[in-house]
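>>> give the three-dimensional model of this entry:
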Amino acid sequence: MKGKVYLIGAGPGDPELLTVKALRLLRTAQAVLHDDLVAPEILRLIPSTAQVYSVGKRCGKKRILQEEINFLMVALADSGLRVVRLKSGDPLVFGRAGEEIEALRRAGIEFEIVPGVTSALGAAAAAQIPLTHRRASSALVFLTAHQAEGSGSANWSKLAGSGATVVIYMPGHDYSAIAAKLRAAGLAPETPCAVISQATTQSQQTHRTTVAELARTPQLRAPALLMVGEVVRFAAASSLMREFRMTTGSQPAFPATLFADSPSDAATSQGNEEPSA
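Residues are numbered from 1 along each chain as shown. Below is the predicted model of the structure:
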């Protein structure tokens with residue numbers, strides 16, 4: 001009998017932003033394939049009896065090809081295991097879930113998608129930036145600065161020039177090129193921007209600037225995202241260029257009563273590979 005695959009979003013970094021459903025499924029997983037950016041506190045929730053595979057790809061360095069991830073995921077489910085494919089953020093937002101869904105459908109594997117808090121929402125909440133505002137922006141656009149080879153480039157003039165709040169995932173460090181695209185799209189030089197690094201973690205930093213000054217943005221640590229639009233003016237001043245402190249300790253404060261039937265051996269697994277810095 002074939003198993004089932006759960007494509008689960010682990011959220012942007014803060015372990016307390018993991019959903020209750022994601023936590024329940026993770027605590028009962030028999031195999032887990034996780035990205036590098038999943039918080040180590042979340043990885044420690046994996047049962048010690050589960051097979052754990054680190055399949056992350058960061059900064060253009062591919063330790064494993066997407067086709068290999070697809071094959072492994074299908075093979076584990078084919079053997080009858082309950083498989084969790086654990087992704088940072090939300091699996092449906094720049095998470096390659098589409099490719100994995102196609103592979104699972106071709107193989108006839110049952111699957112379910114469990115959404116997570118995507119990094120744009122987590123970062124905006126931590127920096128107190130409303131992504132929409134009745135007097136500033138009534139639309140929201142997610143873009144990525146990196147696309148697959150052979151794919152068409154996004155029409156920045158149409159998207160960024162619409163007056164919407166624009167959130168750019170994976171901006172890299174070439175902010176000069178992004179600034180040029182934003183200016184070409186018709187954005188005014190004084191349009192506010194915010195670069196948010198390592199959103200919702202203890203190391204979060206937020207740098208506010210403008211399209212005109214974007215090229216001078218300091219080299220903040222990845223992962224980072226760029227927010228552009230009038231709503232950035234509402235950012236909390238106390239969140240700018242400071243260290244973001246989570247209210248939790250080193251372990252997520254999940255209510256134990258919610259998971260009284262969880263396996264007792266699911267607390268830690270020393271063999272898990274933690275995300276790289």
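>>> T132 and T206, how far apart?
19 Å (Cβ to Cβ, to the nearest Å). The C-beta positions use only the backbone N, C-alpha and C, and glycine is treated the same way.
>>> give me the more crowded residue out of the two.
Taking neighbours as other Cβ atoms under 10 Å, T132 and T206 compare with T206 leading, 26 against 14.
>>> so where's the stretch 101-250 of the chain shaky on pLDDT?
146-154, 160-161, 238-250 (pLDDT under 70).
>>> how does it look with 80?
Counting by pLDDT under 80, the stretch 101-250 of the chain has low-confidence residues at 145-162, 236-250.
>>> list the contacts of the nearest residue to T209 once chain neighbours are set aside.
In this structure, T209 finds its nearest non-sequential neighbour in C193, 5.2 Å apart by Cβ to Cβ, 6 or more residues apart in numbering. By Cβ atoms under 8 Å, 6 or more residues apart in numbering, the contact set of C193 is R208, T209, T210, V211, L214, L226, M227, V228, V232.
>>> now secondary structure, neighbour count and distance to E16 too, for these, in CSV please.
Shown next, in CSV, are these (DSSP: H, G, I helix; E, B strand; the rest coil; neighbours: other Cβ atoms under 10 Å; distance: Cβ to Cβ, whole Å):
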residue, secondary structure, neighbour count, distance to E16
R208, strand, 21, 26
T209, strand, 19, 30
T210, strand, 16, 33
V211, coil, 22, 34
L214, helix, 23, 32
L226, strand, 26, 25
M227, strand, 24, 23
V228, strand, 26, 28
V232, helix, 24, 25
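>>> before we move on, back to that, which residues does the residue nearest to T209 bridge with?
T209, V228 (DSSP bridges).
>>> how close does it get to S138?
19 Å.
>>> what of M227?
Distance from M227 to S138, by Cβ to Cβ: 16 Å.
>>> same deal with R216?
30 Å.
>>> same question, P171
Counting by Cβ to Cβ - P171 and S138 are separated by 24 Å.
>>> for V52, what is the enclosing helix or strand?
Using DSSP states H and E, V52 sits within strand 51-54.
>>> so what are the sheet partners of that strand and their directions?
strand 31-34 (parallel).
>>> neighbouring contacts of the strand it pairs with?
Contacts of strand 31-34 (Cβ under 8 Å, 6+ apart): 10, 26, 43, 46, 50-56, 69, 72-73, 76, 81-87.
>>> which among these end up buried?
Buried by 16 or more other Cβ atoms under 10 Å: 10, 26, 43, 46, 50, 52-56, 69, 72-73, 76, 81-87, out of these.
>>> ok, back up a step: cross the contacts of strand 31-34 against helices and list the overlap.
L26, L43, I69, L72, M73, L76 (DSSP state H).
>>> doesn't V52 make contact with the fourth one?
No: at 11.9 Å, L72 and V52 do not qualify as touching, with contact defined as Cβ atoms under 8 Å.
>>> find residues that contact each of those two.
Shared contacts of L72 and V52, counting by Cβ under 8 Å, 6+ apart, come down to nothing at all.
>>> quickly list what T144 is bridged to.
Beta-bridge partners, per DSSP bridges, of T144: Y169.
>>> do Q205 as well
Here Q205, judged by DSSP bridges, has bridge partners S197.
>>> for the residue nearest the centre of the chain, grab phi and psi.
By Cα atoms, centre = their mean, the chain has its centre lying nearest to G89, at 2.8 Å. Backbone torsions of G89, given as degrees, to the nearest 10, read phi 70, psi -130.
>>> try Y175
phi -70, psi -20.
>>> go on, L140?
Dihedral angles for L140 - degrees, to the nearest 10 - are phi -140, psi 130.
>>> now it: how far from F234?
For L140, the distance to F234 - Cβ to Cβ - is 14 Å.
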